[in-house]
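Asks: Here is the input, now give the coordinates:
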Amino acid sequence: MEELEGTLSEIIYQNEVNSYMVGILETEKEQITIVGYLPFINKGDTLKLIGKFVEHKDYGEQFKVETFEKIMPQTLGALEKYLANGNVKGVGPATATKIIDNFGEETIHVLKFEPQKLAQIKGISKDKAVEISESFVENWEVWQIVGFLEKFGIGAESAKKVYNLLGVNAIEEIEADPYILMEISRGVDFKQIDEMAIRLGIEKENQKRVKSGIKYALIRITYNGHCCTLKTNLIEYVKQLLGITEEVIEDGIINLKVNNEIIIEDRDGEEWIYLYTFFNAEQQIADRVMALDKARNIKKVSNIEKELKIIEEKTDIILSEKQKEAIKAINENNVTIITGGPGTGKTTIIKSIIEIYKQKKYKIVLCAPTGRAAKRMTETTGEEASTLHRLLEIGKVDEESLFKKDTEYKGAPIDADIIIVDEVSMVDMFIMSYLLDCIYKGTKLILVGDSDQLPSVGPGSVLHDLIASEKMTTVHLDKIFRQAAKSKIIVNAHRVNSGKRFIEKDDKELVEDAKQDFFFIKENNQEKILEQVLSLCNGRLKKFGDYDFFESIQVLTPTKKGLLGTRELNKALQKELNPHRDGETEKNSMGATFRIGDRIMQIKNNYDMYWERLKGEEVEAGNGVFNGEVGTIIEINEKEKNITVKFDDEKICWYEFNQLEELEHSYCITIHKAQGSEFDVIIMVIPQAAPMLLTRNLLYTGITRAKKMLIIIGNERVVNYMIDNVDSKKRNTGLEYKLKNN
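Replies: Numbers count the residues shown, from 1 in each chain. Have a look, this model is predicted:
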């Protein structure tokens, strides 16, 4: 490690969220490019840095900062520059010069201890003098937080969150209760904080430590989609985590229960433990959906048989008995679930329902969990569909607040007679709770989905639990319609779902048979698989339907890691399909290079992102871009320091350069990220990966993303393992139990 000392003369890039910075440090001898996490640092600050020089392939030599210290400016010139750069409230360049001229070497002493003297300077009132002093002192106190946390191995990138949460008294509060740091972020390392607490003198059996360990364990399980855990398993985990006795943990559980931070649910003699908000969300779903279903059926159509005949005559569609059963069930009940795989007629049912109830002048609202799923719903029904976030007008939901018991979000009441939600398997427990809270009694709710697909990214197994409870009227569609049965994509999706091998043709026919829609290219060598992917994406499929990559093709993989994971495949596909062009603007960010024409994906919810969309002659505007939305970069503006993205639903957004960590390339995406979307052509790579990723429902979900052509490339042994592997980790939830006992 090397040490540098100097003044930060320029900030080239600064991420306001995590404080990652690229800047120029001016030492006595030279100017050096520095990179690293430097919160609370401003232009003009004097810094002592510890780190090492590294060579960047594009930008040359840089000094990578490991730790740093902000020090008092060593000269009057440096101090004047520090004051003049806006670090202190109420002081600009002119005032900074006056302060230095008046007080010289005494400046820091005056600012800290005798602020009234500042009022001697013309233009500084007594009140302003106090404000300047307080701002100067706060600046330095904030810095002490960074140094304090650094001693305990908590990186500078966390210091900003600590200050935002605890303010200038952070050190005193942390020393009194280090576990308060758990409130900062779901991602904070408990073990690191625990080590810090022990070093500060916290006893092993201190109840603050015990309760924090229990809550940490309950938070950990939610990362895997669970809502609760067995008390015996929780105690065993916390015993290992904290090295304490079962009796002490029992005391902690009692304390948390008394304060309503956790809930214990007795199910048939077994005790299940929840964080309060998770239990509350499940209970609200159970109560609200049952109340909605039991309400008076005021939207019932009187002569449904007659309406069905009119629909068949009007549309030339002959409804199957199962489809008629589904439509009658919807008519007879306030809440109905329609579930089935591809090609089983779900869309025809939705279209028929829309037609029947529109004739009665009822207001119908269509929605889906993602932008792509909503867009597909619009295309298949001819009616406008929106995302659940937009429909519910869920504002800026702080996801960390889900773990605080006093958090409650209210959506806007939905003005609708009939609400149809598609792709319900993707809806987690919190969104479902919001949705049900926004529905008036007397409204019909139709939940449509495929319960065999992957569960939601968020916690819970809502669709599965609603069906399993047998409390909601559910129509299972299991017959593939004749037209759909001609597609080997659909046939193989159903075969995989029932544990059978593919019906396929030899992969050589990819060149010879343009009518075939399903191909399995058996290849074990990773480099050869990559070659196949690149050639298929770059022109090889043109003769099969003039498939252009950017319009029609999507590459999927189960994993992010390795040569055939999303990271490496995106780099290779970008190089092949959208290479560097001399003279064209590019933007490098966090190890990725963004170019005009790149396919990108939003990877976190941003409720504030402004967007515009052209609707006929008018411009529609709004806020909110959500995790999983896909678009194309249409402009990179160095002058404005932003990138313009046009999303697949036609909305246009402008990303500041410091927001680019919200985007990643989407030439290739994980199968999880593709859920709720459909593409004309899917190229699905199946490499050897972690067994937890290689499940039947993952393969099934990937297959069902393809509309016109599916090409699977990979190891036959791994594919067969996935077909056989039904152990797709059952989630620990209690919604089914609550519904059955409601």
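
Asks: Can you tell me which residue sits nearest the middle of this protein?
Replies: residue 604 (4.0 Å; Cα atoms, centre = their mean).

Asks: where are the low-confidence patches of this protein?
Replies: 16-18, 72-74, 85-87, 141-143, 150-160, 184-188, 394-411, 482-485, 504-515, 727-729 (pLDDT under 70).

Asks: Please name the residues that touch residue 212.
Replies: Contacts for residue 212 were tallied using Cβ atoms under 8 Å, 6 or more residues apart in numbering; they are 179, 182, 190, 193-194. For glycine as for every other residue, the C-beta is placed from the backbone atoms N, C-alpha and C.

Asks: Please apply the same query to residue 467.
Replies: 337, 339, 451, 474.

Asks: Sort out which one of the residues you listed lies nearest residue 37 for me.
Replies: When the contacts of residue 467 are ranked by distance to residue 37 (Cβ to Cβ), residue 451 comes first, at 43.6 Å.

Asks: Give me the distance between residue 654 and residue 623.
Replies: 13 Å (Cβ to Cβ, to the nearest Å).

Asks: what touches both of those two?
Replies: residue 610.

Asks: Between its first and last residues, how far does stretch 560-572 reach?
Replies: 14 Å (Cα to Cα, to the nearest Å).

Asks: for that stretch, which positions count as buried?
Replies: Buried residues in stretch 560-572, counted by 16 or more other Cβ atoms under 10 Å: 560, 564-572.

Asks: same thing with stretch 442-449?
Replies: 443-449.

Asks: Looking at those, spot the one nearest residue 287.
Replies: For those, the nearest to residue 287 is residue 445 (14.5 Å; Cβ to Cβ).

Asks: Figure out how far stretch 685-693 is from the centre of its chain.
Replies: On the basis of Cα atoms, centre = their mean, to the nearest Å, stretch 685-693 sits 22 Å off its chain's mean C-alpha point.

Asks: Check stretch 112-123 too.
Replies: 50 Å.

Asks: residues of it that come out buried?
Replies: Buried, per 16+ other Cβ under 10 Å, within stretch 112-123: 115, 117-119.

Asks: just stretch 624-637 next, same as before
Replies: Buried positions in stretch 624-637, judged by neighbour count with 16+ other Cβ under 10 Å: 624-626, 628-633, 636.

Asks: Show me those residues that map onto helices.
Replies: When helices are assigned by DSSP state H, not one member of the buried residues of stretch 624-637 lies inside them.

Asks: now, which of those sits nearest residue 19?
Replies: residue 625 (22.9 Å).

Asks: Could you check how many residues crowd around the residue nearest to that closest one when sequence neighbours are not counted?
Replies: Once flanking residues are discounted, residue 625 sits nearest to residue 609: 4.3 Å by Cβ to Cβ, 6 or more residues apart in numbering. Other residues near residue 609 come to 20 when the count uses other Cβ atoms under 10 Å.

Asks: Give the pairing partners of the regular element (helix or strand) spanning residue 609; include direction for each.
Replies: Using DSSP states H and E, residue 609 sits within strand 606-615. Here strand 606-615 has these sheet partners by DSSP bridges: strand 618-625 (antiparallel), strand 652-656 (antiparallel).

Asks: ok, and for it, which residues are buried?
Replies: Buried residues in strand 606-615 (16+ other Cβ under 10 Å): 606, 609, 611.
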